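J.: predicted model, plus sequence, below.
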Amino acid sequence: MRRYVTAGIVLILAAAAALLCGNSAIGAGDVLRTLAGNGTRAQQVIVFQVRLPRIAAALLSGAALSVSGYLLQNNLNNAVASPGLLGINNGAGLFVLISALVFPYQAGMKCVMAFAGALAVTLLVSLLSSGTGLSKTSVILSGVAVSAVCVAAADVIISVRPETVADKTAFQLGGFGDVSLTTVSIAAPVIVTMLALAFVLAGGMDLMALGDEVAQGLGVHVRMYRLIYLLCASLLAGAAVSMSGMIGFVGLMVPNLVRMVHRGKSRGGIALCMMVGSAFLLLCDTLARAIVFPYELPCGLLLSALGAPFLIWMLVRKRKRLGVND
Amino acid sequence: MIEIRNMTTSYGRGELFRVAGLTLKTGEITAVIGRNGSGKSTLLKTLAGFLKYQGSITIRGRECRDYSARERAREIAWLSQMLKTVQMDVETLAEHGRYPHHGSTRRMGDADREKVKEALRMTGMEKMAKRSLQELSGGERQRAYLAMVIAQDTPMILLDEPTTYMDLVYQKTFFEILQRLKQSGRGIVLSVHHLEQCFAFCDSICLMDQRTLVRKATPEEWAKDTDTLRAVFGIEMKKTEDRELMYPYMIRR
């Protein structure tokens, strides 16, 4: 229980810091007054149209990417599986660019295409690695290969039609600079629904950790559950990418950090991933805004700086389990 | 009660597995014996509903394939021979045995908790309830999984080579647990390689050979028909009443 309370307090503090921090000099009192409905017009625009949507996007993206990573890692029985490494984020990103080409003025299509891209990559990676029984190495290699193709295709689109993205670097690295209330309001229901579904069906995942046969013997429809979990993971990653671009490493780091402190049932793991992921991404975004003030770093850049050493540390620590003997 | 009539299952490279007729009752321990690849696991997996079959398998008069996965898991419990060592404590593992009763959406109630406690008590894992599976020996882990299966509280329990990782003392304890389960009215079907054990503790023995059920008979009947056993295993056997042996019934000559 203590770890949930700690994660909750950190999350609240991170949200408060994100609300108070920004390029415009608004004090804590002004923010509170504006939230109470007594702020000036300019303050209302800053708080309600810039900072709150950004906080909501970071909260939702953090929760979505972390839970997506948690679902992928548990289902593929692979500690380094994450929406970033499996190419799901890049697939969603590519489809977002395609939507900007084909449906330039429809924000809703951006989300739908992100979901389609995430799903397409998940299916493709599963198909490519299914020949070897979804072995750890083949899943990661397939993910890396599909990811490279998606990145190359996205680069081609951005080079030929640069107008498809407002900020190329921010999109490729991921960040919350361009977040709007419209994008958040389209992605939020999908994320909330998928998080709820993953939370409700988490019991099956605990059983599947014991092996497919044992789970089947306990009455779990293993194939159906696995499909639902992968669908949830893809849609969560797709929805996050539609808001924040191709943000990486959150889905890798957070579930692994959570698993270090939580060894109980998956439902608790999902709840912790949601809180820790949200707080982590909020803090990273706030730090990215504060670190070179008044300029702003893309949040994804900071995450890459943290994520790459984390991955190396994991590879060293769990070398045996990462499929050396696969 | 499980009844099999003219059942065939195809597996592997299209190999056929056949059982013409077999009845498995509750309140009885039935051993399935045979050489490697004779179809012991296939029989248990088919009964557990993992493999598609032609013909008929009825559980309490209802066709096995008509049960949903959870309904079937409330009738038949299954323990695989491949047990994973995961990051999970023994109590949580035993609690998973209640899944067929409460599913994903309902929480465990007092009755569920009582069943888990009883299963841990029965298997002697009460004191190790909070220990991780990773800290247990092979035999202890097998007992932890057995606690899960007992907590499932089904009329029939299928165990695929359950004594593989147990030392002699654990094996004896294990069969004593099975006796208690039998006395509580449950039917147990287990595949084993040690003939001494099944001749000493089981009520009936199914002999499998070349993916076919040869015959189901009591240990006493098999003791009179050692020719069939010799034909299948290629080993001479004899009945003994030597009290110095842990399993004083059937030994290799």
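T.: That came through, no problem. Numbers count the residues shown, from 1 in each chain, chains lettered A, B, ... in the order given.

J.: use CA for all of it now, contacts and neighbours both
T.: Will do.

J.: what does chain B put close to chain A?
T.: By Cα under 8 Å from any Cα of the partner chain, the residues of chain B that approach chain A are B:48, B:50, B:68-73, B:76-80, B:83-88, B:92, B:96-97, B:99-100, B:103-105, B:152.

J.: now the buried members of the residues you listed.
T.: Taking 16 or more other Cα atoms under 10 Å in any protein chain shown as the criterion, what is buried in these is B:48, B:69-70, B:72-73, B:76-80, B:83-85, B:87-88, B:92, B:96-97, B:99-100, B:103-104, B:152.

J.: buried set for the helix or strand of chain A with the lowest mean pLDDT?
T.: The helix or strand of chain A with the lowest confidence, counting by mean pLDDT, DSSP states H and E, is helix A:168-173 at a mean of 72. Buried residues in helix A:168-173, defined by neighbour count with 16+ other Cα under 10 Å: A:K168, A:A170, A:F171, A:Q172, A:L173.

J.: contacting residues around residue 151?
T.: Assuming you mean chain A. Contacts for A:V151 (Cα atoms under 8 Å, 6 or more residues apart in numbering or on different chains) come out as A:N90, A:L94.

J.: my question was about chain B, not that one.
T.: The neighbourhood of B:A151, defined by Cα under 8 Å, 6+ apart, consists of B:A94, B:E95, B:G97, B:R98, B:K115, B:V116, B:E118, B:A119.

J.: ok, whichever residue of chain A sits closest to chain B - contacts?
T.: Of all residues in chain A, A:G219 sits closest to chain B, at 4.0 Å by Cα to the nearest Cα. Listed by Cα under 8 Å, 6+ apart, the contact set of A:G219 reads B:S68, B:A69, B:R70, B:E71, B:R72, B:A73, B:Y99, B:P100.

J.: checking it next. Helix, strand or coil?
T.: Three-state assignment for A:G219 (DSSP: H, G, I helix; E, B strand; the rest coil): coil.

J.: also A:R54?
T.: helix.

J.: now do the contacts for it.
T.: Applying Cα under 8 Å, 6+ apart to A:R54 gives the contacts A:F176, A:G177, A:V179, A:S180.

J.: which ones among the residues you listed are found in helices?
T.: Among the contacts of A:R54, none falls in helices (DSSP state H).

J.: got the contact list for stretch A:178-194?
T.: Counting by Cα under 8 Å, 6+ apart, A:49-50, A:53-54, A:56-57, A:60, A:64, A:107-108, A:111, A:232, A:235-236, A:239-240, A:242-244 sit against stretch A:178-194.

J.: just the buried residues from those, in ChimeraX please.
T.: In ChimeraX, this line selects whichever of those come out buried by 16+ other Cα under 10 Å:
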select /A:50,53,54,56,57,60,64,107,108,111,232,235,236,239,240,242,243,244
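
J.: mark which of the contacts of stretch A:178-194 are part of helices, please.
T.: Reading helices off the contacts of stretch A:178-194 with DSSP H, I get A:53-54, A:56-57, A:60, A:64, A:107-108, A:111, A:232, A:235-236, A:239-240, A:242-244.

J.: in the chain, which residue is closest to the centre?
T.: Picked chain A for this. Centroid-nearest residue in chain A: A:L65, 2.1 Å away (criterion: Cα atoms, centre = their mean).

J.: meant chain B actually
T.: B:L159 (2.2 Å).

J.: mind checking how far it is from B:I2?
T.: 15 Å (Cα to Cα, to the nearest Å).

J.: next: B:Q171.
T.: 26 Å.

J.: the two: which has the busier surroundings?
T.: Higher neighbour count among B:Q171 and B:I2: B:I2, with 21 against 17, using other Cα atoms under 10 Å in any protein chain shown.
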